[in-house]
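Undergrad: Kindly return the folded structure for what I paste below:
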Amino acid sequence: MSKTTLFDLDGKIAFVSGASRGIGEAIAKLLAQQGAHVIVSSRKIEGCQAVADAIVAEGGKATPVACHIGEMEQIQAVFAQIREQFGRLDILVNNAATNPQFCHVLDTDVSAFQKTVDVNIRGYFYMSIEAGKLMREHGGGSIINVASINGVTPGNFQGIYSITKGAVINMTKAFAKECAQFGIRCNALLPGLTDTKFASALVKNDSILQMALQHIPLNRVAQPSEMAGAVLYLASDASSYTTGVSLNVDGGYLA
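TA: All right, here's what the predicted structure looks like:
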C-alpha cells in the first residue's frame, strides 16, 4: 500500500505572512517540508532570512521577503515581486497580525485602533485580493486566514483585536463564496491559546494562565507546531471540498 499524496505540495508556491516566528514560522516550515516553495515574509528581512535559511538547510525551498501588510504600498510591491519571480501563487497564509493594546475596551486608544484595523482587516483583505487575482489567472488556489477564537468570543482587554478577528471570519466567508467559481478556496484557522511571543502577556502571567486553563478541556497551552497541521490540511488537496470554514484548534475552548 502506498502512502497518500493528499498532503503533498510539490511545485506549489506558498506565501506566509508573519513567518519570522511563532505560528507563522511553524506553518512556513511544514509547508516547505511537504514540498512547497515558501515565501517567508514579515516586517523585517532578518527574521525572514533566518527562517528561510533553516528551511533550505533541511533541503526545502524558501525565499525571504520583507512586507508590512499594514502598508498598502508594500503589499503592491510584494505582489509585483511574486509575479516577476514566480509568475503564480498557489497558497496564501494571512498570519501577520497586531494587538498593540491590552486594555479595557473603553480605554482603546485611537492610534492602536487604527493600527489594528489596518493590519488585521485591511491587510488581510488586500493581500487576499492580490493573491486571488493571481490564483484566478492560474486556475485556483487556497487562501488561509489565521483568525482567533477571540473572533467568536472576545478576549478580555482585547476588544479591538477581537473585533478585527471577527471581521476576518466573515471576510473568509465572503471570499469563499465569491471566489469559488475561480477554483479559489478560502478558510480560516482559529487558534486557541498558543505559546508565542504574541501571547506572552497571557502565557507568562501565571494567574492569568491558570484562569485560562480552566476553560480549556485539554488543560494546556498549544505549541505553534500544533497549528501548522491544520493549515497544511487547508492548503492541500486533502481539503479540496472545504471552503468558507472556520477551523477551531483550541484544545476544546469553544466547545
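
Undergrad: And the strands in the stretch 51-200 of the chain?
TA: Per DSSP state E, counting those that start in this stretch, the stretch 51-200 of the chain carries strands over the ranges 61-66, 91-94, 141-146, 184-191.

Undergrad: Any chance of JSON lines for the ones you listed, columns mean pLDDT?
TA: Listed next are the strands of the stretch 51-200 of the chain as JSON lines, based on pLDDT from 0 to 100:
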{"stretch": "strand 61-66", "mean pLDDT": "98"}
{"stretch": "strand 91-94", "mean pLDDT": "98"}
{"stretch": "strand 141-146", "mean pLDDT": "98"}
{"stretch": "strand 184-191", "mean pLDDT": "98"}
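
Undergrad: Can you name the next helix or strand after the one helix or strand residue 212 maps to?
TA: Secondary-structure element containing residue 212, defined by DSSP states H and E: helix 206-213. Following helix 206-213 in sequence order, the next helix or strand is helix 225-235 (DSSP H and E).

Undergrad: what inclination does that next one have with respect to strand 184-191?
TA: 160 degrees (axes from the mean of the first three to the mean of the last three CA atoms, to 10 degrees).

Undergrad: name the helices or strands packed onto helix 225-235?
TA: helix 22-33, strand 91-94, strand 141-146, strand 184-191, strand 246-249 (3 or more CB pairs under 8 Å, 6 or more residues apart in numbering; DSSP states H and E). Every residue, glycine included, has its C-beta placed from N, CA and C.

Undergrad: again, 7 Å this time
TA: In terms of contacts (3 or more CB pairs under 7 Å, 6 or more residues apart in numbering; DSSP states H and E), helix 225-235 is packed against helix 22-33, strand 141-146, strand 184-191, strand 246-249.

Undergrad: So which elements touch the third one?
TA: Same thing as strand 184-191. Using 3+ CB pairs under 7 Å, 6+ apart: strand 184-191 touches helix 124-137, strand 141-146, helix 159-179, helix 225-235, strand 246-249.

Undergrad: Please enumerate residues in contact with the very next helix or strand once past that strand?
TA: Following strand 184-191 in sequence order, the next helix or strand is helix 200-203 (DSSP H and E). For helix 200-203, the external contacting residues (CB atoms under 7 Å, 6 or more residues apart in numbering) are 102, 193, 195, 208, 209, 212, 221.

Undergrad: Count the neighbours of the second one for me.
TA: Burial of residue 193, expressed as a neighbour count using other CB atoms under 10 Å, amounts to 23.

Undergrad: now the helices and strands packed on helix 225-235 in a markdown table, with distance to residue 174 and mean neighbour count?
TA: Shown next, in a markdown table, are those (distance: least, CB to CB, whole Å; neighbours: other CB atoms under 10 Å):
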| stretch | distance to residue 174 | mean neighbour count |
| --- | --- | --- |
| helix 22-33 | 23 | 26 |
| strand 141-146 | 11 | 27 |
| strand 184-191 | 8 | 26 |
| strand 246-249 | 13 | 19 |
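
Undergrad: Output the strands of the stretch 51-200 of the chain as a markdown table; include the columns distance to residue 109.
TA: Shown next, in a markdown table, are the strands of the stretch 51-200 of the chain (distance: least, CB to CB, whole Å):
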| stretch | distance to residue 109 |
| --- | --- |
| strand 61-66 | 27 |
| strand 91-94 | 25 |
| strand 141-146 | 24 |
| strand 184-191 | 25 |
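
Undergrad: Between those, which one is closest to residue 119.
TA: Each of these was scored for nearness to residue 119 using CB to CB, and the closest is strand 91-94 (10.1 Å).

Undergrad: Parallel or antiparallel, list what pairs with that closest one.
TA: Here strand 91-94 has these sheet partners by DSSP bridges: strand 13-16 (parallel), strand 141-146 (parallel).
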